[in-house]
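Peer 1: Structural data only, the sequence is not supplied:
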């Protein structure tokens, strides 16, 4: 895996002419005329590289016969910039990871921007550059895009939608409904870092140590997991625990497959900084969003091989088995504490942390 | 072609339990927890039908070996409801038409919502139902989606992003750079209706006759055009004249192919209601957005056959040749008036009409 991209700072992005004359987004940048073209040619294309073809309404990609995965996510995180990343790499990683959860290798991303009139071009430039770098590091092109502008006060700075397409290799059958009793539940590493990173800047709280987002692309990790088993069908379910965190991911799997899930709470890797920040803020770290982690449900006969493959990669170095699928209490997730007590893990009604992604 | 879908009115959408208890969108509907699931199960799934699979991070689609087209568009139109349509069918048709401009047959759409806290569920329900009906009428499934909620004042009611994937048939080679001198320029029907429809409600102006949006899906029209020629390569360029209207579409083609385009202004079909509304408002109807029209650049040896095929379908009944591609003045579009005078047609710097789609 390449190093996680360092998010580009607005101060480091040099606004080219003719954009420099205005310095800010105006309504006309979304009008499909000359100003839109200037924005594409001077800001988006240099950021995204040659994969994007601005003069076409859609991008054309080659695919083998078989299955493709298609996904979409909008990003409205506030603030736009946070320790270890910004909305741009988040939007790239999040959509790559949604494809990876189907076992797909991403082949193209789209970038749809909704911009608020008055947005500083330096901010947009830094976000776009970060997106381009994140996509290049992940080996995926941003192939097409769209820009709309709404009046001052009609949006908050900028929103991004990224959709993505990936190719699902033959034989891969991954879905939340495929979890079955006896399967092992694996998590790829530390839990809770993204949410705490966002909250620390949003609330201006100094936890002593800076917690940075875990935002990272996971498609190569998934490919390594699938390569580690004699039959890819041994990997039953993948899920990236974003909004609602580990608990929401586990509950959705349990409900989809009509199975129970038991988690050993002591085995769930929560960094000390995350647990102390969460305890200070009154949050459950198991319900805090992650943007670079994967929950896998795997045939127990092959979980050791999958775990070894994950640990051999930096983004899976902290992988560990945290529980198992059971036939009891279908649709429910039960945590076992270090003291042997059990508790039902329920999803939040809404969210602990709004605007986390 | 099925009849253009009649946009569903918020008064006609019955809000189911448990959503009815609130009546409005709250932040928690975007939190990925229980409220998000309620919104998906009670509002989006009934609207979109069984093609959508909410428990997965991405949809899986079968494709033949070859090429797929991928596109994205965000919709921020104000007001959300206008004569003949609403933001929902606009979002479906617009993305289908972007795929059709590559000659692709759409196989799946995504729906990404950004909702403002406090949005009436009746409004969201009517929009989602309209999207579902537009997609069903067009024979395309909405296969996956995403919902984010921002605080009151953080967006204007709702924004929609639709991305889409289509299959490009073998042999089809359509692109703006393929226009060449001698080609005929065809438009599929009346120009300017969408923009005037939006403006009439936005400005509350009564033009005597109600102008309704032309919003419609054009992929079947394109398929009929391609079927009408012995070699699909005879259809060189397709472009839907949305933002910036006919002039922006023609200029982009002229610039991409480094050719000139000559338009016979008297042949461009502008309805009387559109031209009088535009003259009242000080707008150029050739720069007003359309959402159900196609500009085609076709080998002159086959333009008659293409025209016949277009006119045989309701959405192409008004098709006509409006000009030709020339070797002179590359990158420029020149209009010839009924009096024989010529004028350069320039794109707007920004836009005549913000928030038109």
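Peer 2: Ah, there it is. Bear in mind that the values here come from a model prediction, so they are computed numbers and not experimental data.

Peer 1: List phi and psi for residue A:344.
Peer 2: phi -80, psi 130 (degrees, to the nearest 10).

Peer 1: Spatially nearest residue to residue A:307, not counting backbone neighbours?
Peer 2: residue A:319 (5.6 Å; C-beta to C-beta, 6 or more residues apart in numbering or on different chains). No exception for glycine: its C-beta is placed from N, CA and C like everyone else's.

Peer 1: Distance of that neighbour relative to residue A:218?
Peer 2: Between residue A:319 and residue A:218 the computed distance is 11 Å (C-beta to C-beta, to the nearest Å).

Peer 1: Name the residues contacting each of the two.
Peer 2: Residues touching both residue A:319 and residue A:218 by C-beta atoms under 8 Å, 6 or more residues apart in numbering or on different chains: residue A:188.

Peer 1: dump the residue contacts of the closest residue to residue A:354 other than its chain neighbours.
Peer 2: Excluding its sequence neighbours, the residue lying closest to residue A:354 (C-beta to C-beta, 6+ apart) is residue B:27, at 4.9 Å. Residue B:27 is in contact with A:350-351, A:354, B:117, B:149, B:151, counting by C-beta under 8 Å, 6+ apart.

Peer 1: Report all helices and strands that the helix or strand containing residue A:249 contacts.
Peer 2: For residue A:249, the host element (DSSP states H and E) is helix A:245-257. With contacts taken as 3 or more C-beta pairs under 8 Å, 6 or more residues apart in numbering or on different chains; DSSP states H and E, helix A:245-257 sits against strand A:235-239, strand A:260-264, strand A:295-298, strand A:333-336, strand A:342-345.

Peer 1: Make CSV out of the ones you listed and add mean pLDDT, mean neighbour count and distance to chain B.
Peer 2: Formatted as CSV, the helices and strands packed on helix A:245-257 follow (pLDDT from 0 to 100; neighbours: other C-beta atoms under 10 Å in any protein chain shown; distance: least, C-beta to the nearest C-beta, whole Å):
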stretch, mean pLDDT, mean neighbour count, distance to chain B
strand A:235-239, 98, 25, 7
strand A:260-264, 98, 21, 15
strand A:295-298, 98, 26, 11
strand A:333-336, 97, 20, 13
strand A:342-345, 95, 13, 12
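
Peer 1: what's the closest of the ones you listed to residue A:83?
Peer 2: Taking C-beta to C-beta, strand A:295-298 is the member of those nearest to residue A:83, at 23.8 Å.

Peer 1: what angle sits between the next helix or strand after the closest one and strand A:235-239?
Peer 2: For strand A:295-298, the succeeding helix or strand toward the C-terminus, using DSSP H and E, is helix A:303-311. Interaxial angle of helix A:303-311 relative to strand A:235-239 (axes from the mean of the first three to the mean of the last three C-alpha atoms, to 10 degrees): 40 degrees.

Peer 1: buried ones in helix A:303-311?
Peer 2: By neighbour count on 16 or more other C-beta atoms under 10 Å in any protein chain shown, the buried set for helix A:303-311 is A:303, A:305-307, A:309-310.

Peer 1: Touching that helix from outside, list them.
Peer 2: By C-beta under 8 Å, 6+ apart, helix A:303-311 touches A:183-184, A:186, A:188, A:221, A:224-225, A:227-229, A:234-235, A:296, A:298, A:316-321.
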